[in-house]
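Chemist: the sequence and its predicted three-dimensional model are supplied below.
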Amino acid sequence: MRVLGAIEAGGTKFVCGIGNEEGEIFERVSFPTTTPEETMAQVIAYFEDKKFDALGVGSFGPIDPIKNSPTYGHITTTPKPFWGGYDMIGKLKEHFDVPMNFDTDVNGAALGEYTWGAAKGLDSCIYITVGTGIGAGAVVGGQLVHGLSHPEMGHISVRRHPNDTFEGFCPFHADCLEGMAAGPAILKRWGKAGAELAADHPAWEMEAYYLAQALVNYVLILSPQKIIMGGGVMKQEQLFPEIRRQLKTLLGGYVQHPSITEHIDQYVVYPELGDNAGICGSLALAKLALEEL
Ligand code: ADP
Ligand code: ZN
């Protein structure tokens, strides 16, 4: 059995781990995300005395995941201080001579759920994280979705909830999906973090309204066989039935598939890999690097 290295590069922390092709994680550590020099020195020190056959990196973005691009492996235009233009794969290649795969954290998580989790045995899925930001990745026809670069499904336009006067906090678009529905939007709109709001607070019906709109668009554009919703905000379990209900309402009966009309409880789900969805996603990227050899 081959050994895989995984790096979940997040805006707050980097999680590094070692696992296998079955999606098992043997050990993990985490380091705060500070400057590239400081954080990557810790990452490199962690892997330096380990033996592994491939390395997968799922990263915050925007990034360049396109293999033949001159800036492949770089974090590109992130507003995060110090990290814009950073050549992450270049740095790792200086230290480790193994096949590597670099993608967004959410494309990784989609691949992890497709390989070992909620979308196992299917051809397609969407993974959306609702946390400090909103991002989504997709597997279609068994392949991760890339194009010019990677999808940016967290920044789509949404219709405003009739009772919502919050201006939105996305620095690029103000009231896009992320600007209206990520964790910080909940905090700014209601003056309390999501974890402190009661399950019957009106925040959740509004939150579900925005997230259901996103899912409508994903269903109409990509026709995924499963939609997996993770991230801190989705710990609010009461969101799931409300999102499913609003998704059905907004679709208006137009997509007549039993997955939606009869089995929506199994169509829009929490990650089967739970809190491991991120690191297992990077592990799945490492597995893919071996398969692509
Ligand atoms: P990140 O997106 O930074 O990787 P998380 O997915 O944990 O990390 O998302 C953090 C965001 O999720 C914060 O805005 C926080 O307020 C929100 N959050 C975390 N836990 C909960 C919870 N139990 N209920 C509602 N919101 C939560
Ligand atoms: Zn935006």
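Modeler: Noted; the coordinates are in hand. Numbers count the residues shown, from 1 in each chain. Ligands and ions are numbered 1, 2, ... in the order given.
Chemist: skipping adjacent residues, who's closest to W83 in space?
Modeler: I75 (5.0 Å; CB to CB, 6 or more residues apart in numbering). No exception for glycine: its C-beta is placed from N, CA and C like everyone else's.
Chemist: so the one you found sits against F60, correct?
Modeler: Yes. Checked against CB atoms under 8 Å, the pair I75 and F60 is within contact range at 7.5 Å.
Chemist: so what's the residue nearest the centre of the chain up against?
Modeler: When CA atoms, centre = their mean is applied to the chain, the residue found nearest the centroid is V106 (2.4 Å). Contacts of V106 were listed using CB atoms under 8 Å, 6 or more residues apart in numbering, and they are G58, Y127, I128, T129, G135, A136, G137, G281.
Chemist: would the third one count as being in a strand?
Modeler: Yep, that's I128 we're talking about. Yes. Under DSSP: H, G, I helix; E, B strand; the rest coil, I128 falls within a strand.
Chemist: which residues does the residue nearest to W83 bridge with?
Modeler: Applying DSSP bridges to I75 yields these beta-bridge partners: I63.
Chemist: one more: S59?
Modeler: Assigned bridge partners for S59, using DSSP bridges, are A9, T104.
Chemist: what mean pLDDT does the one helix or strand E242 maps to get?
Modeler: Element membership for E242, per DSSP states H and E: helix 239-251. Helix 239-251 comes out with an average pLDDT of 98.
Chemist: and for stretch 196-212?
Modeler: In this model, stretch 196-212 has a mean pLDDT of 98.
Chemist: and stretch 26-38, by the same measure?
Modeler: What stretch 26-38 shows for mean pLDDT is 97.
Chemist: can you confirm A203 is in a helix?
Modeler: Yes. A203: assigned to a helix according to three-state DSSP.
Chemist: mind jotting down where the helices sit in the stretch 1-150 of the chain?
Modeler: 36-48, 88-95, 105-116 (DSSP state H, counting those that start in this stretch).
Chemist: can you give the distance of the second one from its chain's centre?
Modeler: Mean C-alpha position of helix 88-95 versus that of the full chain (CA atoms, centre = their mean, to the nearest Å) differs by 23 Å.
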